[in-house]
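In: coords below, sequence missing:
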């Protein structure tokens with residue numbers, strides 16, 4: 001903290017405070033587009049895969065909202081570093097996205113069953 005005060009005093013003394021402020025904001029601007037570019041890269045790569053999977057599956061069309069899934073997938077894969085994401089092959093990415101879509105589509109399916117259907121399901125699971 002003392003060092004920071006000394007640095008600010010130095011910049012103030014030599015009328016460089018405006019320069020450091022401009023540098024700070026320019027630096028911030030440099031990093032923000034990178035995040036935006038990476039998000040766009042994720043969207044550009046994920047959207048076509050999701051489009052193809054939805055075209056081939058009535059189940060996805062009925063159970064899922066495509067734009068919400070794309071947004072969720074972009075957020076999920078956005079947790080990976082750009083290098084790691086870029087290292088995933090298109091085929092592997094399609095497989096991962098498909099598994100995630102299936103999981104989302106079937107989650108809550110039991111909630112849609114009638115009591116009789118739930119009984120039949122429970123019996124089947126228990127092996128009766």
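Out: Perfect, I can see it now. These figures come from a predicted structure and were not determined experimentally. Numbering: from 1, shown residues only.
In: how about low-confidence regions in the protein?
Out: The chain contains residues with pLDDT under 70 at 1-35, 128.
In: can you map out the helices along the chain?
Out: Counting by DSSP state H, one finds helices in the chain at the ranges 2-13, 17-55, 58-63, 66-77, 82-87, 90-106, 115-126.
In: Look up how far residue 48 lies from the spatially most central residue of the chain.
Out: The residue lying closest to the centre of the chain (Cα atoms, centre = their mean) is residue 75, at 1.4 Å. Noted for residue 75: a distance of 18 Å to residue 48, by Cβ to Cβ, to the nearest Å. Every C-beta, even on glycine, is put in place using the N, C-alpha and C of the backbone.
In: What is the burial count for residue 42?
Out: By other Cβ atoms under 10 Å, 20 other residues sit near residue 42.
In: nearest spatial neighbour of it, skipping sequence neighbours?
Out: Excluding its sequence neighbours, the residue lying closest to residue 42 (Cβ to Cβ, 6 or more residues apart in numbering) is residue 74, at 4.6 Å.
In: that older thread, which of the helices of the chain is buried the deepest?
Out: helix 66-77 (a mean of 16; mean count of other Cβ atoms under 10 Å).
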